[in-house]
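K.L.:
okay, sequence plus prediction incoming.
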Amino acid sequence: MASRLDRIAEQRRQKLERLRGRGINPYPYGYHRSHTTEQARELLKQQEAGQTEAVVNVAGRIMANRPMGKISFLDLRDGSGKIQLCFYKDRLSEESLKLFQDLDIGDIIGVSGKLFRTKSGEPTVEVADFTLLAKSLQPLPEKWHGLSDVEIRYRQRYLDLIANAEAREIFRVRSRVITAIREFLNRRGFLEVETPVLQPSAGGALARPFTTHHHALDQDFYLRIAPELHLKRLLIGGFDRVYELGRIFRNEGVSTKHNPEFTMLESYEAYADYNDIMRTVEEMVSEVSQQVVGSNKVKFGEETIDLKPPWPRLELRPAIIKYSGLDFEDYPDTKSLRAAMQGLKMEVDPKKDRGKLIDELISSFVEPKLMQPTFLVDYPVEMSPLAKTKPDNERLVERFEAFAGGMEIANAFTELNDPLEQRERFLKQQKGRQAEAEVKEVIDEDFLLALEYGMPPAGGLGVGIDRLVMVLTGQQSIREVILFPQLKEKP
């Protein structure tokens, strides 16, 4: 037996055939729109002030139909907002009345008419003429004013955007965040560039890559896990400040904070160190927040996060001791550190090296405590093969991660520019990765050659755009801020 939704869909197909039988094209080529719904509402204010009176052509999706005898009020929504339509049925021609009777919620129409305000104060178009622009063959979710099924919202994002004003606003904010970041960096003399997504070696970060094959070249390539090594080539080539906003691909887990493809800002500034980059990050995030959401303070769950600079700086080692009770310096090798972590009832992957184990301590004990924006600074060298060691301690590097909302939002180094030391670090990393059997590590020899020509001292930065948007919009899941998140295929 057909379901109720199937029966509704069949009725809509029958209407479609009736329309075509009467010579009406249910999917015409275009429509001249004189105003958006938002512009029409503003025009009504001007009209009421005696400044103008005009007929408007507006277009959008029918979101509600309230019949009241010979009058029907419809809600029409476009990308800018909503406006009410008033149809006087006894003023419609016979053909127009038939067309009106075949309209459904979800159809897209264009209407022409004068503006007025109802007794209840609602801005309204008195429809003199209308055109069907797209017949909707599927009914909108019954609770289109608040679609709550998470599975549908993520798999059929278009329904989420139709149904939920909050979802639409999140992605408007996301767009404005990216624009504001670009403006911030451009004002500071950074050059926006583009680097390859397909790369012959997976470098620039410690992550498992996606692999693909180029048939014409008969060569395997990796989807980039970071644009870092190519951006540094540009510093070597003479660009002092560069950045890229683009997609990154990491063949790793999926969670409320992780998606296999995500958007990253990476920037590099010659003659800067990680202290300079810390100031850049706190100033940029604060300015972007003020510009996009109108405040330095944002609500995140039960917390109010204050993004105003300066942000506190915490040394990594004391922070781990404080929150876990374990001092990783007491366990100088992987085996002893793993045993100590198991003593804390942690499930520890036996394939992970010492650097990744320390990272586990951060994510398990420290990260959840850092709700307010905080810089965690000075990391063990084995965690950061591309960062410079501290002048007074060769076991640590000048690296920071920025946290807010209990998650990492940025990562930065004083960049290593000694080509010989970089080669040694890569070789050590290659040995460790092969031991983990994660990926066949290939050293980027061209990058090492480029370093031998001389790269200026520099500070490098990576900012997770998705997580930053999560903080600014108060979302607890990364899937809420990615239009089309990765989901497991339905069986």
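P.N.:
Thanks, I have it.
K.L.:
how about the residue lying closest to P457 once chain neighbours are set aside, what does it touch?
P.N.:
Nearest residue to P457, sequence neighbours excluded (CB to CB, 6 or more residues apart in numbering): Y271, at 5.8 Å. Just so you know, the C-beta spots here come from the backbone N, C-alpha and C atoms, and that holds for glycine as well. By CB atoms under 8 Å, 6 or more residues apart in numbering, Y271 lies in contact with D240, P456, P457, A458.
K.L.:
go again using 10 Å as the cut-off
P.N.:
Counting by CB atoms under 10 Å, 6 or more residues apart in numbering, Y271 touches L235, D240, R241, P456, P457, A458, G459.
K.L.:
of these, which belong to strands?
P.N.:
Counting by DSSP state E, the contacts of Y271 place R241, A458, G459 in strands.
K.L.:
tell me the SS of R467?
P.N.:
helix (DSSP: H, G, I helix; E, B strand; the rest coil).
K.L.:
any idea how far L161 is from R12?
P.N.:
With distances taken as CB to CB, to the nearest Å, R12 is found 21 Å from L161.
K.L.:
so H213 makes contact with F221?
P.N.:
Yes - between H213 and F221 there is a contact at 7.3 Å, judged by CB atoms under 10 Å.
K.L.:
the two - which one has more neighbours?
P.N.:
Legend: neighbour count by other CB atoms under 10 Å for H213 and F221, higher for F221 (19 against 9).
K.L.:
so that one makes contact with P200?
P.N.:
Yes - when contacts are counted by CB under 10 Å, F221 is listed as touching P200 (6.1 Å).
K.L.:
which neighbours do the two have in common?
P.N.:
Taking CB under 10 Å, 6+ apart as the contact rule, F221 and P200 both touch H214.
K.L.:
circling back to that earlier point, turn the contacts of Y271 into JSON lines, columns for neighbour count.
P.N.:
Output for the contacts of Y271, formatted as JSON lines (neighbours: other CB atoms under 10 Å):
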{"residue": "L235", "neighbour count": "24"}
{"residue": "D240", "neighbour count": "16"}
{"residue": "R241", "neighbour count": "19"}
{"residue": "P456", "neighbour count": "15"}
{"residue": "P457", "neighbour count": "14"}
{"residue": "A458", "neighbour count": "26"}
{"residue": "G459", "neighbour count": "23"}
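K.L.:
what's the farthest-apart pair in the residues you listed?
P.N.:
By the measure CB to CB, R241 and P457 form the most distant pair in the contacts of Y271, at 13.3 Å.
K.L.:
so Y379 versus P67, what's the distance?
P.N.:
Distance from Y379 to P67, by CB to CB: 66 Å.
K.L.:
hang on, I meant R22
P.N.:
22 Å.
K.L.:
report the backbone C-alpha coordinates of stretch 94-101 in PDB.
P.N.:
Output of stretch 94-101 as PDB, limited to C-alpha atoms (Å, rounded to 0.1, in the frame of the first residue of the first chain):
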ATOM      1  CA  GLU A  94     -10.900  31.400 -15.100                       C
ATOM      2  CA  GLU A  95      -7.500  30.200 -16.300                       C
ATOM      3  CA  SER A  96      -5.700  31.900 -13.500                       C
ATOM      4  CA  LEU A  97      -8.100  30.400 -10.900                       C
ATOM      5  CA  LYS A  98      -7.400  26.900 -12.300                       C
ATOM      6  CA  LEU A  99      -3.700  27.600 -12.000                       C
ATOM      7  CA  PHE A 100      -4.100  28.900  -8.500                       C
ATOM      8  CA  GLN A 101      -6.000  25.700  -7.500                       C
END
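K.L.:
hmm, who's touching that stretch?
P.N.:
By CB under 10 Å, 6+ apart, stretch 94-101 touches 15, 18-19, 22-24, 65, 72, 74, 87, 89-93, 109, 127, 129-132.
K.L.:
looking at Y379 and P67, which is more packed in?
P.N.:
More crowded of Y379 and P67, by other CB under 10 Å: Y379, with 25 against 11.
K.L.:
pretty sure the more buried one belongs to a strand, no?
P.N.:
Yes - according to three-state DSSP, Y379 belongs to a strand.
K.L.:
tell me the pLDDT of it.
P.N.:
The model reports Y379 with a pLDDT of 96.
K.L.:
residues in contact with it?
P.N.:
315-317, 355, 358-359, 362, 387, 390, 396-401, 411, 413.
K.L.:
just the buried residues of the residues you listed.
P.N.:
Buried members of these, counted by 16 or more other CB atoms under 10 Å: 316-317, 355, 358-359, 362, 387, 390, 396-401, 411, 413.
K.L.:
now, these that are in helices?
P.N.:
L316, R317, G355, I358, D359 (DSSP state H).
K.L.:
returning to that earlier point: would you list the ones in strands among the contacts of Y271 in JSON lines and tack on distance to E489?
P.N.:
Listed next are those as JSON lines, based on distance: CB to CB, whole Å:
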{"residue": "R241", "distance to E489": "42"}
{"residue": "A458", "distance to E489": "42"}
{"residue": "G459", "distance to E489": "41"}
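K.L.:
no further questions, thank you.
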